[in-house]
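Novice: Here is a sequence together with a model predicted from it:
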Amino acid sequence: MSIDLNEYEVCFKDVAPEVQDTLEGTFQEASRVMSPAAMHVYLEGAKGLCGLGRGSDLVITYLQEMPLVVRECGEDVLEDCIAGALKLSSMTSGEVISLLFGSLPTAARRLGDAELLLGYLNLVHQLSAKASRGLRPMLNNTDELLSKLTLSGLRKWAMFGAEAYRRDLNNLVRYFNLETQDSQAMLQAQRRGTLFIDTQRKLNFYLRALWGRDFFLRPTAADYEGFRPYVERNVVHLPDAVDPIAEMSGLDLYRAMSAHMAAHMTGTRKRLSAEQLSPAQMFFIAHIEDARIEAKAVRRFPGLAKLWRSFLRMDYKVGVVHPTVADLEWLALMLLDPKVRTGDTELNAIAETFHAGIETRLDDADFSWHLGLDLFNLYAGRRDVPSLRVLQSLRIPYRDDNRFVWAFDEADLGVDYVPATQRQVRRTVSVLEMANELDCELAGDDAQEIWRLQTPFWLDQEGCTINELEGKEPVSDPFHYQEWDYQIQLHRPDWATVYERRQPKGDPEDIDRILAEHRPVTSRIRQIIDMLQPQGLQRQRNLEDGDEIDLNAAVDAMVAIRMGEQPSPRITLRNVIKQRDLAVVVLLDLSESTNEPLDGEEGEDAKTVLQLTREAAALVATAIGGIGDPFAVHGFASDGRHDVQYYRFKDFHQSFDHEAKARLAGMRGGLSTRMGAALRHAARHLSRQPETHKLILLVTDGEPADIDERDPQHLRHDTRKAVEELAARGVMAYCLTLDPNADDYVKRIFGLNNYTVVDHVRRLPEKLPQLFASLTR
């Protein structure tokens, strides 16, 4: 691609003649760091900025500074920088945009990564909308701010000032100009010990001196709890800042991190298979694999053992969240130093097996796989394996998240076509074939043929079906959803992961018994059905502008005229087709609290919240099914943000038949309540329906909460944001809560008229159908 500079010089001469001299001076420098395609974008961007009419200083600053930005972060950031400036043009002056371009070389140099630079541009854009008067002083102090803060620290510092001085404009300017005590105090509070950008060259030389090769190191925003460094596509991702630990400096921690991940990259010959392993098993295997690659690195560089050991805690029982975590921390020290032992003989045996086998199997990753499973089985036999969230609280700060260890894409070879001879065949066979000709009852997913029966296959000796004994319910592919962080006023992208699962079936006759027990409510439901069922063609009379003459009204008008009275002008009628255009999702909260009995009830007759929820769902399903509206009955629970479990008891295309009743009868409660992700996923299903009006009817017994979120306000704000997002898409969310104290929060989440608090929980089965009728009348 050739660049005709004369074309742009003519354009700049007409708009701003003084820009022409700057272009001649910067063109050669820009051409050295940009490709011809990037040069075209660079000059077109200058041309677009000229068209804004914001003065020549803006264009001159752009032409002078952008080559320096491209040199630091690459030419891909050009279009994003131009787009960011054009967005600001409708919100602020050309002088502020010029200051932004002037700050970009410093931001690119201090942040050191294209994605972090885009985060900086997003922060500036967000601040221009929230505290526009603070933007100019902040850009003037970019050098000092970014020399002390990471991008996440700068965001927190800026958002605090924007919120604290929202109505005090004079002090807002002084805060962003670093002239107030609050500004300096917040700056010190967000300041981290050692910035990555200050140590990057030292780390590059350090790794090159050890392994004789270069490694690509990249900073990553470590602005959330539990961040671990990682290796992805042979790039080492390190946190953008770290704090010193005890007597070890931040540089020592960076060295330990980078050396550990370099040991992974140089010492891993074959990645481990994650097939048919649980997350906990993978964690234990990776723990042993970390020790193996460290032992291999120490064999070559003995001094690394001293560096890594300095970060392994000797006071391992202090402040630990689970005894198994303390054991694993101590085991890491035992595997690094053969002289260390513990009082647990079985754990000592694991360490001795490791040190005995590592002499001959130093390069064998399968050694870690088998020993890791032995370690897992040891704690599984003790019934002392905590959740993955607890295991990940391991206090070994220099270790990565071990994604590099696993061959997750082993089965995905990128082949779209599979020969017919290799395709898996699924056949429906008779009971005799299944009993007499089946080769392997428990074949894996790679079996050539899968046989299935129309009815359950009963095992006489075990006294159950083969599905009950060995079968497992399918789990969907993950669905990732954003989550709102009210503290920084930003969405965390792909933060919560939803998996669709199936709960075991129950006895459908239980649902029939529920309908029989609630006969008074059932008769009331019939009235609701009669009231809400579409009546087809209806005539609307007494209209002034109807479609045809109403003969009765016309005769009455003529009579009034003959009697000398004023006739009524409403003598027309209109034929209207009455039909409902509504789709509904009844979303049930199935957290652990639903298993608790109702307050004040004890004994065998005491009912749990889950039983009442099941009864209410059965009754409202009967009501909606009778009316004819398409509806679904779904439920949800969560075990942290990585595992939001979503259950579909009845879908839109299903009738409320034997199968749906069996699913509803098997409904169980457990885990926590991550409500925002569940609402977004319910809206995903609802958005596929063609109906104009869409409703999510949420039944819950408490506020949003989850095991990995300590701030009680976080999930409340996220749920409120989810409700707002749904409303923008035309989906109404209504909450029916059983929490007597819900008035404190439910109004702020769902809105003034979008919730109902059920004071008497036993009335839930009666209340839910009536509520649906009132909402959809």
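Specialist: In hand now; what should we look at? A quick note: this is a predicted structure, and the numbers were derived from the prediction, not measured. Residues are numbered from 1 along each chain as shown.
Novice: C-alpha only now, for contacts and for neighbours.
Specialist: Fine.
Novice: So which residues of the stretch 551-700 of the chain form strands?
Specialist: Applying DSSP state E, counting those that start in this stretch to the stretch 551-700 of the chain gives strands spanning 572-578, 582-589, 631-638, 644-650, 693-700.
Novice: Quick check: Val298 touching Leu307?
Specialist: No. Val298 lies out of contact with Leu307 (CA atoms under 8 Å); the separation is 10.3 Å.
Novice: still on that earlier bit, which stretch among the strands of the stretch 551-700 of the chain is buried most, on average?
Specialist: Scoring the strands of the stretch 551-700 of the chain by mean neighbour count under mean count of other CA atoms under 10 Å gives strand 631-638 as the most buried, with a mean of 26.
Novice: how much does that strand deviate in direction from strand 693-700?
Specialist: Orientation of strand 631-638 against strand 693-700 (axes from the mean of the first three to the mean of the last three CA atoms, to 10 degrees) gives an angle of 40 degrees.
Novice: What helices and strands are in contact with strand 631-638?
Specialist: With contacts defined as 3 or more CA pairs under 8 Å, 6 or more residues apart in numbering; DSSP states H and E, strand 631-638 has these neighbours: strand 582-589, helix 609-627, strand 644-650.
Novice: Can you add mean pLDDT and give the strands of the stretch 551-700 of the chain back as TSV?
Specialist: Listed next are those as TSV, based on pLDDT from 0 to 100:
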stretch	mean pLDDT
strand 572-578	71
strand 582-589	90
strand 631-638	94
strand 644-650	94
strand 693-700	89
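Novice: Tell me which of these sits nearest to Thr142.
Specialist: Minimum separation from Thr142 across the strands of the stretch 551-700 of the chain (CA to CA) falls at strand 644-650, 40.5 Å.
Novice: Work out the sheet partners of the closest one and label each with its direction, please.
Specialist: If you go by DSSP bridges, strand 644-650 pairs up with strand 490-501 (parallel), strand 631-638 (antiparallel).
Novice: Those into TSV, with extra columns for distance to Thr572?
Specialist: Written out in TSV, the entries for these read as follows (distance: least, CA to CA, whole Å):
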stretch	distance to Thr572
strand 490-501	55
strand 631-638	38
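Novice: Ser387 is nearest to which of those strands?
Specialist: strand 631-638 (12.9 Å).
Novice: now the closest one: how far from the chain's centre is it?
Specialist: Average the C-alpha atoms of strand 631-638, do the same for its chain, and the two points are 18 Å apart (CA atoms, centre = their mean, to the nearest Å).
Novice: Work out for me the element His355 sits within.
Specialist: Assessed by DSSP states H and E, His355 sits inside helix 345-358.
Novice: buried set for that helix?
Specialist: Leu347, Asn348, Ile350, Ala351, Glu352, Phe354, His355, Ile358 (16 or more other CA atoms under 10 Å).
Novice: how close does the last one get to Asp364?
Specialist: Translated: Ile358. For Ile358, the distance to Asp364 (CA to CA, to the nearest Å) stands at 9 Å.
Novice: can you check Asp706 too?
Specialist: From Asp706 across to Asp364, the span is 40 Å (CA to CA).
Novice: again with Ala46
Specialist: Noted for Ala46: a distance of 57 Å to Asp364, by CA to CA.
Novice: Could you check which of these two has the larger neighbour count?
Specialist: For Ala46 and Asp364, the more surrounded residue by other CA atoms under 10 Å is Ala46, and the numbers stand at 22 against 18.
Novice: Low-confidence ranges, the stretch 651-777 of the chain, go.
Specialist: In the predicted model of the stretch 651-777 of the chain, residues 759-766, 768-770, 772-777 satisfy pLDDT under 70.
Novice: now with 80?
Specialist: Residues of the stretch 651-777 of the chain meeting the criterion pLDDT under 80: 740-741, 743-744, 753, 758-777.
Novice: Same question for stretch 239-257: list its buried residues.
Specialist: Within stretch 239-257, the residues that qualify as buried are 239-243, 250-257, counting by 16+ other CA under 10 Å.
Novice: got the contact list for the closest residue to Leu195 other than its chain neighbours?
Specialist: Distance criterion CA to CA, 6 or more residues apart in numbering; nearest residue to Leu195, sequence neighbours excluded, is Ala241 at 4.3 Å. Under the criterion of CA atoms under 8 Å, 6 or more residues apart in numbering, the neighbours of Ala241 are Thr150, Arg192, Gly193, Thr194, Leu195, Phe196, Ala222.
Novice: on that earlier part again, between the buried residues of stretch 239-257, which is closest to Ala617?
Specialist: Within these, distances to Ala617 taken as CA to CA reach their minimum at Pro239, with 47.9 Å.
Novice: Export the strands of the stretch 551-700 of the chain to CSV and append columns for distance to Cys464.
Specialist: Shown next, in CSV, are the strands of the stretch 551-700 of the chain (distance: least, CA to CA, whole Å):
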stretch, distance to Cys464
strand 572-578, 52
strand 582-589, 30
strand 631-638, 28
strand 644-650, 24
strand 693-700, 35
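Novice: of the ones you listed, which approaches Gly94 most closely?
Specialist: When the strands of the stretch 551-700 of the chain are ranked by distance to Gly94, counting by CA to CA, first place goes to strand 693-700 at 45.1 Å.
Novice: How much space separates Ser368 from Arg271?
Specialist: Between Ser368 and Arg271 the distance is 11 Å, computed by CA to CA.
Novice: Among these two, which residue is more densely surrounded?
Specialist: In this comparison of Ser368 against Arg271, neighbours counted by other CA under 10 Å, the higher total goes to Ser368 at 25 against 14.
Novice: Check the gap between the more buried one and Lys661 for me.
Specialist: From Ser368 to Lys661 the distance is 47 Å (CA to CA).
Novice: repeat for Ala164
Specialist: The gap separating Ala164 from Lys661 is 54 Å, by CA to CA.
Novice: what does Asp485 give?
Specialist: In this structure, Asp485 and Lys661 are separated by 39 Å, where distance is defined by CA to CA.
Novice: The two: which is more packed in?
Specialist: Between Asp485 and Lys661, Lys661 has the larger neighbour count (other CA under 10 Å), namely 23 against 16.
Novice: show me what contacts the residue lying closest to that one once chain neighbours are set aside?
Specialist: Spatial nearest neighbour of Lys661, excluding adjacent residues (CA to CA, 6+ apart): Pro508 at 4.9 Å. The contact partners of Pro508, taken as CA under 8 Å, 6+ apart, are His658, Glu659, Lys661, Ala662, Arg663, Leu664, Ala665.
Novice: Let me see the backbone angles for Pro508.
Specialist: When read as degrees, to the nearest 10, the backbone of Pro508 gives phi -60, psi -20.
Novice: where does it land on pLDDT?
Specialist: Note for Pro508: predicted pLDDT of 89.
Novice: Let me see the backbone angles for Arg228.
Specialist: The phi and psi values for Arg228, taken as degrees, to the nearest 10, are phi -130, psi 140.
Novice: Please apply the same query to Leu238.
Specialist: Dihedral angles (degrees, to the nearest 10) for Leu238: phi -110, psi 150.
Novice: Surely it is in contact with Pro229?
Specialist: Yes. With contact defined as CA under 8 Å, Leu238 and Pro229 form a contacting pair (5.1 Å).
Novice: okay, now Arg110: neighbour count?
Specialist: Under the neighbour criterion other CA under 10 Å, Arg110 is assigned a count of 24.
Novice: circling back: and the contacts of Ala241, which of them are in strands?
Specialist: With DSSP state E as the criterion, strands contain Thr194, Leu195 from among those.
Novice: top of the contacts of Ala241 by neighbour count?
Specialist: Ranking the contacts of Ala241 using other CA under 10 Å puts Thr150 first, with 27 neighbours.
Novice: so how far is Arg192 from that residue?
Specialist: From Thr150 across to Arg192, the span is 8 Å (CA to CA).
Novice: Leaving out the residues flanking it, which one is nearest to Leu598?
Specialist: The spatially closest residue to Leu598, leaving aside those adjacent along the chain, is Thr608, at 5.7 Å (CA to CA, 6+ apart).
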